[in-house]
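S.K.: Give me a model of this one.
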Amino acid sequence: MLCLAALLLLAGCTVTDEPPQSAKDPAPVPAPEFRLVAYDSCEELLKSVRAAAKQAVQPWGFYQGGRFLAADSAMRAAGGPQALYDKAAPAYSGTNTHEAGVDEPDIVKTDGRRIVTVLGETLRVIDAASRQATGSLHLGPGSHQLLLQGDRALVLTASWGLPATRGLVDSARMRPGMSATRVRQVDLTGVPKVTGSYEIGAELTDARMVGGVARVVVTSHPLIDFPWRDKLTDSERIAANRKLIDQAPLEKWLPAYTSEGVAGRLDCGDVSRPDRFSGTATVTVLSFDLAAGRSLGDGAPVGVLADANTVYGSGPHLYLAHDERWRGDQALGRTELYMFDVTGPRPVFAASGSVPGWLLNQYSLSEHDGVLRAATTTGQPWGGQPSSESTVYTLRRDGGQLRQLGKLGGLGKGERIYAVRFLGPTGYVVTFRQTDPLYAVDLRDPAHPRLTGELKIPGFSSYLHPLDGGRLLGVGQDATEQGRTTGLQVSLFDVGGADPRRLDQQKIPHGWSEAEQDPHAFLYWPDTRMLVVPYMAYDGGQRAGALVYRVGDDRLEKIGEVSRAELSYPRRSLVVGDTLWVVGDTVAVATPLAAPGPALARVLL
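M.R.: Numbers count the residues shown, from 1 in each chain. Next comes the predicted model:
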């Protein structure tokens, strides 16, 4: 079922006689504190990483990214949009982001004059006024995203297994299982052309941009080959692997990069470490100022000897989070948090801390009035007797520590979180296993979060979007009372009072939307109260397109659908002036904003 919270918390399906815990209960055992420590020398860094790695190594190598990696490992699988205005462009929708003013990379961007896509291996530019393609740039293989600032695009490419350029990483080149991130600055004033290039031997984690300055987060792992020794016992294999670790020089631990053809490596002086073990990886934050119009340079790297799999940007701060379970020990059950001040040219470490449980995604974190809120799930939400429950924690910076202020626990027992959304002093959390209560939680006093309401409904929302007037939109799956999903649902909630209510619901049997997993696929256009949701459905055959709804005070009214044979995989939608664009993998379709459906133009991608 679906759960809402006023933090709100849309929480779990299991009915229980035990009330959720609040911060007024006996104080919990404090989280273990840790802080970042700088290295005095490269020798100290090398000694430290070797010692940590020898404790972490397994008979087969390191446990990284959810799988064991050795020399022959397989490659890894690959604030909402507001009306924006430019003197030279009509009103247009920006990317649907977590926080207003904090841009996120995506596969489609617009500035109202041009639409830029990075699909397949090509960057394409569409003139919004003429609705025609005006330029393209071959990007090559990899997974591409972009950020847009004025007449410049920053293209981020994640590659696996082979280098995008010659000579990257070290003289041995990249090997199967290795990752690389390529950053290219593209001039869009005429025919798109690359004006700067940077590549680093690390996997792309995520990126954020504020005021034209992009912070790109990458994660690298030790470049050590651990051959499999069939005739040895596990303890003998570990001993042999530890010898290899002791022999691995510094260049095996710190990522190498090339910038404008000049080779370099993350400097020891730019690396810090937690004062307790936090993995064998190195997470690096790179900074690129698109607004300045300069070359990319070396990215002014700042590194931490730790893992990071979630990135959240509040504006003045950048948070990196890591789920300890990814290191292979399910019993660890904590999430490490690193807070950086990004108000200057270079990120500066501000504080660190941890919370029990694991995050769903970046929407599980939110900063408000100097308080970080984190929604996590602990335990196991599967099996005959699930032990999971969810909790909302509040933390405040105290020197170099993120210290817990309060918590609200006991949410969705036997379930896990499916969606989270914080808005000011209110939050929303959805948990699910069979049915969903929607919990409303008041966070105005961060030391004492308070449960204020509850709603039980079948199904769940995977993405929550706040509206004015105490309304909330949810996109997710409908389900039976037994918890079996039946197809896509779009819900409208009233969360203005103490008890949340679902006002209306639209169902697409056997359907699914990319917006359930990637909020960038969701579009709400407040000027006309229009909601656009891409979908795919399988009910004897495949249907796909974009559903368009008018959001009223208490109902959802379908006003159109954009569906074409070539629009077999709809990915994004955006508004430019009086035109709604729906972008698929192979085509972009323009349709009237006032009456969505008929095609005004189609541009092949």
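
S.K.: can you give me the helices in this structure?
M.R.: For the chain, the helices defined by DSSP state H cover 42-56, 234-247.

S.K.: Buried residues, the last one. List them.
M.R.: By that I understand helix 234-247. Using 16 or more other C-beta atoms under 10 Å as the test for burial, helix 234-247 gives 237-238, 241, 244-245. All C-beta spots, glycine's among them, are computed from the backbone N, C-alpha and C.

S.K.: got any ranges where the stretch 501-605 of the chain has weak pLDDT?
M.R.: Within the stretch 501-605 of the chain, no range satisfies pLDDT under 70.

S.K.: now do 90
M.R.: Filtered on pLDDT under 90, the stretch 501-605 of the chain yields the residue ranges 539-542, 564-566, 568.

S.K.: Also the stretch 1-150 of the chain?
M.R.: The model of the stretch 1-150 of the chain has pLDDT under 90 over residues 1-38, 52, 55-56, 60-89.

S.K.: go on, the stretch 151-300 of the chain?
M.R.: 160-179, 225, 227-230, 261, 273-280, 292-295.

S.K.: show me where it has strands.
M.R.: Here the stretch 151-300 of the chain has its strands, by DSSP state E, counting those that start in this stretch, at 152-160, 179-187, 193-200, 203-210, 213-220, 256-259, 262-265, 271-274, 282-289.

S.K.: How far away from the center of its chain is the first one?
M.R.: Counting by C-alpha atoms, centre = their mean, to the nearest Å, strand 152-160 is centred 16 Å from the centre of its parent chain.

S.K.: Distance to residue 145 added to the helices of the chain, as a markdown table?
M.R.: Shown next, in a markdown table, are the helices of the chain (distance: least, C-beta to C-beta, whole Å):
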| stretch | distance to residue 145 |
| --- | --- |
| helix 42-56 | 30 |
| helix 234-247 | 34 |
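
S.K.: Quick check: which of those helices is nearest to residue 571?
M.R.: Proximity to residue 571 (C-beta to C-beta) singles out helix 42-56 among those, at 38.5 Å.

S.K.: quick check: angle from the closest one to helix 234-247?
M.R.: Angle of helix 42-56 versus helix 234-247, following axes from the mean of the first three to the mean of the last three C-alpha atoms, to 10 degrees, is 170 degrees.

S.K.: Not counting residues beside it along the chain, what's closest to residue 567?
M.R.: Leaving aside its sequence neighbours, residue 567 sits nearest to residue 584 (C-beta to C-beta, 6 or more residues apart in numbering; 4.5 Å).

S.K.: any idea how far that neighbour lies from residue 108?
M.R.: As judged by C-beta to C-beta, to the nearest Å, residue 584 and residue 108 stand 10 Å apart.

S.K.: Spit out the residues that contact these two alike.
M.R.: Common neighbours of residue 584 and residue 108, counting by C-beta atoms under 8 Å, 6 or more residues apart in numbering, are residue 571.

S.K.: okay, the two: which has more neighbours?
M.R.: More crowded of residue 584 and residue 108, by other C-beta atoms under 10 Å: residue 108, with 25 against 22.

S.K.: Leaving aside the residues adjacent along the chain, what's closest to that one?
M.R.: residue 572 (4.4 Å).

S.K.: State whether the one you found and residue 520 are indeed in contact, as I suppose.
M.R.: Yes. Using C-beta atoms under 8 Å, residue 572 is in contact with residue 520, at 6.7 Å.

S.K.: which of those two has more neighbours?
M.R.: Between residue 572 and residue 520, counted using other C-beta under 10 Å, the more crowded position is residue 572 (29 against 20).

S.K.: Quickly list what the more buried one is bridged to.
M.R.: Residues in a beta bridge with residue 572, per DSSP bridges, are residue 583.

S.K.: so who does it touch?
M.R.: 106-108, 520-521, 523, 534, 582-583.

S.K.: Residue 599 now?
M.R.: Per C-beta under 8 Å, 6+ apart, neighbours of residue 599: 564, 589-591.

S.K.: Which one (most neighbours) among the residues you listed?
M.R.: Result: residue 589 is most packed of the contacts of residue 599 (other C-beta under 10 Å), 25 neighbours.
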